[in-house]
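**Student:** With the sequence up front, the predicted model follows.
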Amino acid sequence: MKVVLTGSQFEDFYPCYLVTDESLVIQGAGRSITKFLPELRHGDPLDKWLAFDRPVATPDARNLVRDRTPVQIRSIDGRLHLSGCVVEQSFGFVFCLSHSPGRAAAWGRLGLTVKDFSIADQSLAVGTAIGLQMTLMDELQETIGNLRRARDEATAASLAKSTFLSVMSHEIRTPLNGILGMTQVMIRDTSDEQTLSRLDIIQQSGAGLLAILNDLLDLSRIEAGKIELESIPFDMSEVLSGAHSAFTALANKKGLSMRLDIEAIQGRYIGDPTRIRQIVYNLLSNALKFTESGRVELRAYSVENGLEIVVTDTGIGIAPEKLSEIFGEFNQADTSISRRFGGAGLGLSIARDLATMMGGSIMVESRLGEGSRFTVRLQVVRTGDPEPATDGVEDAPATSSLGSLRVLAAEDNDVNQLVLRTILEQFGVTATVVKNGREAVDAWAGQPWDIILMDIQMPVMGGVEATRLIRKQEAETLRQPTPIFALTANTMTHQLPEYEAAGFSGLIAKPIQVGQLLQTLLDMVAAPGSEPSG
Amino acid sequence: MHSGCAARAAQAIVALMYGMIHRSARAMVLEQFGPAAWDQILKSANMDDGDFVSAQPYPDETTFRLIGSAAATAGLTVDQTLRAFGHHWVKTADQGLYANVMAILGGSLLESLTNLDRMHASIQIALPDAQLPQFVVVSEDERSVQLAYYSKRDGLESFVSGLLEGLLIRFNQPGSVAFNGADGAARLFTVTFDAPPAS
């Protein structure tokens, strides 16, 4: 077959063709080359205007034809990049070229249009595809940027929420301290049954509010990753029986039997007793809340690599489709539940998070109308038998022995000052109250004290700094250390080492529990070597 | 065309449009009406996700639902919306992401109109699932160009008018675009120039 094309037909197929002689001297050029190199003339050597990228070896026209060598050339000014092959015709060597699609990004800038491309070759389409692909890369980068921003915003929002919860919890504790503290004072002052009953309601309501606050605070700390677990030796049965005892009164009040079966796990373990107690508290609280008749049971037994704690109730149970939701935050199985039973729906979520942090898990089984069973699996190591109970515990001194105690209290809040002063007065203790850590240090320097009750967050100087100063001066002057107790709502585990390092002897949680404060003062009197002045 | 045409088009065609169209539509809404309007459009179109991917083909049904919803939200007819989108498409393609592709149309209005078909053909090779229209220059003189538009889709004549008007704007060429009805499979448009365009 012999194909004969007119010059115009040929140029439509190869708008950037070149014709040279055997010595690579230009004999002709297509419109898409002369458009960009208008001064190119017949008789010019090809290398005056164009350079070979391929072949890499010195080009020889006959070899290019014979070997069907792919040819890639560029204009000396760098604008044109052409690729194709060479065929030999009677009038010379014809370079059948097209614009290389690899340079598509520059086509627009160069002024190439569709007419500079052969319909028969796909360079234009390939170049278009490359252009589109670059667009997609830009789009991908934009999407990645948007996702990053969204992630950062979500993280910031979560942090803001946690901070808000934390701040609000602390802010609400101060007036709550006033309510609960004064209620306890009034309960001790009153013998009228009706008044006692009403005060009891105030106290229980306040305690309920405090529990919700504590849950919120815990939740914010868990979310912010601020909860650090302890790993200390403790008696597991003490923790579990303590939790059981704490709820026995409530169970009795509701007419429920409250069983405890923990014989199988007696012993000392390594772990975080505070957080294990909190998990069990939350599960027992949940069980009692949703059980109106029958029993609540706390059992524990050993399993491989740890133990299982099981809380069973004969309460209302949970519908199967709701089981997966009950560990969510602010989730109760039914919105009507929160109206009927109260609570923020955080207890199970916190219990689950804490168990997970300990490398454990919580599982729930339930039958609607029959009851529920929560099983906590914990990875804790048993280290030995429980320590034998010490006999002959000395009777605690009566509160009458407290009157001689020299108590210094540092507390900036007026309400808290009044609560503290009133409670202490009920014990016959007249405390010296100062408003900040600086005044506490000065007061300590002025005379000996049997105990210092130190608030943590105070203006001028906080409690931690004041305690550090006192301990430093005690060491320098060889003065006998004064017991200093932190009065604080910050009783989270991770803060305890900081208090300990500052030199605190212990802490008393706010809102103040009269019993705890009294016990601390009695311990001061009973402590060996303690010689309150009188 | 009215909204019924768009609905008929949605029913008649089982075809795909690439997400670059939807992304451009979103950009237009965001630019002219803000993010709340885009959320409203998605909501009334019963669409959860407004994050279209340029290289992904979407069913025409999605496209037409989006257009119908956008028209309702903007208080415009579907025709007005399509026309406005035609203007926007030329502007954003030219100034933004598809400048390289638009550049090969050529440096003058007449050249661009002549090259429309080859540009669409080369895009279709690159995006084989795209069902792009064909444009044929039927006639041209100093003051007008008559184009035949062929498409497997119905109901997009207003979009084509908007595109051609967008090209007039691109080349600062005062003029107008008229849809002259169909001649067989061809739908005819006349681009009229107020003064002879630069060649």
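**Tutor:** That came in fine, so what should we check first?

**Student:** The helix or strand hosting residue A:82 vs chain B: in contact?
**Tutor:** Assigned by DSSP states H and E, residue A:82 belongs to strand A:81-89. No. Using CB under 8 Å from any CB of the partner chain, strand A:81-89 never reaches chain B; the gap is at least 15.1 Å. Where C-beta positions appear, they are placed from N, C-alpha and C, glycine not excepted.

**Student:** angle of the next helix or strand after that strand against strand A:81-89?
**Tutor:** Heading C-terminal from strand A:81-89, the first helix or strand you meet, by DSSP H and E, is strand A:92-99. Relative orientation of strand A:92-99 and strand A:81-89, computed by axes from the mean of the first three to the mean of the last three CA atoms, to 10 degrees: 150 degrees.

**Student:** can you give me the strands in chain B?
**Tutor:** In chain B, the strands defined using DSSP state E lie at B:16-18, B:57-59, B:134-140, B:144-150, B:175-183, B:186-193.

**Student:** Next, format those strands as JSON lines and append distance to chain A and mean pLDDT.
**Tutor:** Below are the strands of chain B laid out as JSON lines (distance: least, CB to the nearest CB, whole Å; pLDDT from 0 to 100):
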{"stretch": "strand B:16-18", "distance to chain A": "9", "mean pLDDT": "81"}
{"stretch": "strand B:57-59", "distance to chain A": "13", "mean pLDDT": "86"}
{"stretch": "strand B:134-140", "distance to chain A": "12", "mean pLDDT": "93"}
{"stretch": "strand B:144-150", "distance to chain A": "16", "mean pLDDT": "95"}
{"stretch": "strand B:175-183", "distance to chain A": "21", "mean pLDDT": "95"}
{"stretch": "strand B:186-193", "distance to chain A": "19", "mean pLDDT": "96"}
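
**Student:** I'd like to know which of the ones you listed lies nearest to residue A:152.
**Tutor:** Ranking the strands of chain B by proximity to residue A:152 (CB to CB) places strand B:57-59 first, at 29.7 Å.

**Student:** Could you list every helix and strand that the closest one packs against?
**Tutor:** strand B:16-18, helix B:19-33 (3 or more CB pairs under 8 Å, 6 or more residues apart in numbering or on different chains; DSSP states H and E).

**Student:** Show the pLDDT at the nearest residue to residue A:215 once chain neighbours are set aside.
**Tutor:** Nearest non-adjacent residue to residue A:215, counting by CB to CB, 6 or more residues apart in numbering or on different chains: residue A:346, 4.0 Å away. With respect to pLDDT, residue A:346 has a value of 79.

**Student:** Please name the spatially closest residue to residue 163 (chain neighbours excluded).
**Tutor:** As the question left the chain open, I've gone with chain A. residue A:220 (7.6 Å).

**Student:** meant chain B actually
**Tutor:** Spatial nearest neighbour of residue B:163, excluding adjacent residues (CB to CB, 6+ apart): residue B:86 at 4.2 Å.

**Student:** For the one you found, give its distance to chain A.
**Tutor:** The spacing between residue B:86 and chain A, counted by CB to the nearest CB, to the nearest Å, is 20 Å.

**Student:** count of residues packed around that residue?
**Tutor:** By the criterion of other CB atoms under 10 Å in any protein chain shown, residue B:86 has 22 neighbours.

**Student:** so which residue of chain A comes closest to chain B?
**Tutor:** Distances between chain A and chain B by CB to the nearest CB are smallest at residue A:108, namely 2.6 Å.

**Student:** Distance check, that residue against residue B:105.
**Tutor:** Counting by CB to CB, to the nearest Å, the gap from residue A:108 to residue B:105 is 10 Å.

**Student:** What of residue A:383?
**Tutor:** Residue A:383 is 81 Å from residue B:105, by CB to CB.

**Student:** Among these two, which residue is more densely surrounded?
**Tutor:** Using other CB under 10 Å, the more surrounded residue of residue A:383 and residue B:105 is residue B:105, with 22 against 11.

**Student:** Now for that one: which residues touch it?
**Tutor:** For residue B:105, the contacting residues are A:113-114, B:111-112, B:115-116, B:119, by CB atoms under 8 Å, 6 or more residues apart in numbering or on different chains.

**Student:** Pick the most buried one from the strands of chain B.
**Tutor:** strand B:16-18 (a mean of 20; mean count of other CB atoms under 10 Å in any protein chain shown).

**Student:** Show me what that strand is in contact with.
**Tutor:** For strand B:16-18, using CB under 8 Å, 6+ apart, the contacting residues are B:54-60, B:63, B:127, B:129-131.

**Student:** Going through those, which ones are buried?
**Tutor:** Among the contacts of strand B:16-18, those classed as buried by 16 or more other CB atoms under 10 Å in any protein chain shown are B:54-55, B:57-58, B:60, B:63, B:127, B:130-131.

**Student:** No more questions from me, cheers.
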